[in-house]
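Undergrad: A structural model of the following input is requested.
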Amino acid sequence: MATTRSEAAREQRRKWGHYPSRDVDVPTALHLFEWSHYRFARSTEALKAGGIAQVLDALSRERPKDPCVVFLRNAVDPQALEATWRPAVNALKQFQADSSWGSKEKRERLTAVARDARVLAALQSTTVASVDVPVEFLAVLIIDGTESSTDAVLPHFDRATRDAVRLEKLSALATFAKGKPQYAAMLKHLDDAAAGQHEKSSVLALGKQLGIASTPRFRVQLRMEGTPRANVWCDVQLDSGAAVDLSVWLSTGVGQSASVQHFTSLGVQRDDLGLGACPVEKLPEWLQRAEEELGLRWNRQTARATYLKGKRLAVFLSWLFNS
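TA: Predicted structure coming up:
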């Protein structure tokens, strides 16, 4: 019985992606890397030299431009594989560890990574060589604050002022850059660019047009069901403060048999239902067409809204449902 329980526990850990390093072969390592860097690091940190060489070679072939793979190649010394592999994958584990952004715990984890000279140098060289890197790479370099780290980070800030998605991601770094004079000008530049982006948002324009944008940031999230069909729902998200300020999900069915329609302000993301996309000002017409083509009605009475309430919500719903 004990053996059966032990085997069951081991199988459960594997389902969670937690393997003892001695059981990790190359295909398993590649699967774990794609699934979760945390699971990959936890399951491979005790690999022997031969296994490390094989996994690193496979990652380099499969994902040569992935910044996390580039980082591992830079951080691992071929002459000291085991000694340098563990701190390198441990850094990836700390980046994905379960601690909220900007928390004391997160800062302590990233600060510990910055104290490892070899890992820090690998993050610097990877950040210089890559157009896009995980935001944690940049946070570690900002915490370090040396000239080399700053030189690696600043081009990413500069690119973010010309790219809305990068701008949103890098704005989160302000919590680590505050109080560091070398980043003051760039933080102001990011703030100004973000303000300009928000001001141009079509979602904010809609909120102003309807008279319900009471602050510089207008947002609402609405989830509603379709009747009389079962298992049909639609989720509408508007946020003038986000790089992607419109996102609409529509799903029919459950599990693997579900059909999904998903579009954003960047265009169609998934088109199982052939309904296409629309700009935010055309949402009422799009929802009405979905009703007609899917043979349902959106249940306004049970719709659940976030961020708007009272009269402002009533105005938004009247516009959305053409009522």
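Undergrad: so after the helix or strand bottoming out on mean pLDDT in the chain, what's the next helix or strand?
TA: The helix or strand of the chain with the poorest confidence is helix 2-15; it has a mean of 60 (mean pLDDT, DSSP states H and E). Downstream of helix 2-15, the next assigned helix or strand under DSSP states H and E is helix 26-35.
Undergrad: Please identify the buried residues of that following helix?
TA: 28, 29, 30, 32, 33 (16 or more other Cβ atoms under 10 Å). Every C-beta, even on glycine, is put in place using the N, C-alpha and C of the backbone.
Undergrad: Roughly how far does the first one sit from residue 85?
TA: Counting by Cβ to Cβ, to the nearest Å, the gap between residue 28 and residue 85 amounts to 16 Å.
Undergrad: could you say which helix or strand contains the residue nearest to the spatial centre of the chain?
TA: Nearest to the mean C-alpha position of the chain, counting by Cα atoms, centre = their mean, stands residue 169 at 8.7 Å. Residue 169 belongs to helix 164-171 when assigned by DSSP H and E.
Undergrad: isn't residue 126 right up against residue 70?
TA: Yes - shown here, residue 126 and residue 70 form a contact pair, counting by Cβ atoms under 8 Å, at 4.8 Å.
Undergrad: any low-confidence regions in the stretch 51-200 of the chain?
TA: 164-165, 167-168, 193-198 (pLDDT under 70).
Undergrad: rerun that using 90 as the cut-off
TA: Filtered on pLDDT under 90, the stretch 51-200 of the chain yields the residue ranges 96-103, 154-200.
Undergrad: tell me the secondary structure for residue 270?
TA: strand (DSSP: H, G, I helix; E, B strand; the rest coil).
Undergrad: From residue 93, how far off is the nearest residue to it once chain neighbours are set aside?
TA: Spatial nearest neighbour of residue 270, chain neighbours left out: residue 262 (4.3 Å); criterion: Cβ to Cβ, 6 or more residues apart in numbering. Distance check for residue 262 against residue 93: by Cβ to Cβ, it reads 31 Å.
Undergrad: who are the neighbours in contact with the spatially closest residue to residue 49 that is not a sequence neighbour?
TA: In this structure, residue 49 finds its nearest non-sequential neighbour in residue 81, 4.2 Å apart by Cβ to Cβ, 6+ apart. By Cβ atoms under 8 Å, 6 or more residues apart in numbering, residue 81 lies in contact with 49, 52, 53.
Undergrad: just residue 307 next, same as before
TA: 219, 220, 221.
Undergrad: Considering those, which possesses the most neighbours?
TA: The most crowded member of the contacts of residue 307, judged by other Cβ atoms under 10 Å, is residue 220 (22 neighbours).
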